[in-house]
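Engineer: Build the 3D model from these lines:
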Amino acid sequence: MDLEKIARGVRLVLEGVGEDLRREGLQDTPQRVAEMLKELLEGMEQQPQLEAGFAEEVGGDMILVKDIPFYSLCEHHLLPFFGKVHLAYIPKNNRVTGFSSLTRLVDVFARRLQIQERMTQQIADAVMEHLQPQGVLVVVEAQQLCVSMRGSKKDTVRTVTQAIRGEISLDRVRLTSLFQS
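Structural biologist: Modelled structure (predicted):
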């Protein structure tokens, strides 16, 4: 990531909105924003890693990890969207992974310039590729600040996307359990 180029761009934006870059509160803002973007978009430089950590007899039962928090930046307006990922999979050949590995996988895709629909699909595809389960279901619930702060300005709107891969049927998933705390 070219932090100096980002800082130059932020300077231009601040000048473009009529701000004085010599003002005390803004003097270091371009560099702070560049460092922030490096952190928020670190997933752009990471490849998804997910390995079957151990063999465990689960008898074809589903494993559900829910309420995985994430924060991302919408590539259309560079505004945040954030929420929770619910990830269910049915292991095949007893190939399971650690729960922390799944949460890290979510972060790799969330920490990119992104849209929710693509992120949902990428998570499901990565689980299928790396774990080769019988099936996977990913449900993402998010608040889009581009809807809340601009455009329609509706701050209670939540968007839900889902991706289903492999042999997994919704009747096997207690969908109500995904949305209950």
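Engineer: buried sites along the helix or strand hosting residue 138?
Structural biologist: When secondary structure is defined by DSSP states H and E, residue 138 falls within strand 135-144. Neighbour-count burial for strand 135-144, counted by 16 or more other CB atoms under 10 Å, picks out 135-142, 144. Using the backbone N, CA and C atoms, a C-beta is placed for each residue, glycine as well.
Engineer: what pairs with that strand, and is each one parallel or antiparallel?
Structural biologist: In the sheet containing strand 135-144, the strands it pairs with under DSSP bridges are strand 80-90 (antiparallel), strand 159-166 (antiparallel).
Engineer: List just the one of those strands that sits closest to residue 122.
Structural biologist: Comparing these against residue 122 with CB to CB, the closest turns out to be strand 159-166 (8.6 Å).
Engineer: For the lengthiest helix in the chain, what does the pLDDT average out to?
Structural biologist: Using DSSP state H to assign secondary structure, the helix with the most residues in the chain is helix 116-131. Per-region confidence: helix 116-131 scores 97 on mean pLDDT.
Engineer: ok so, going back, tell me which of the strands paired with strand 135-144 is the most buried.
Structural biologist: For those, the stretch with the most neighbours on average is strand 80-90, a mean of 21; neighbours defined as mean count of other CB atoms under 10 Å.
Engineer: No further queries at this time; thank you.
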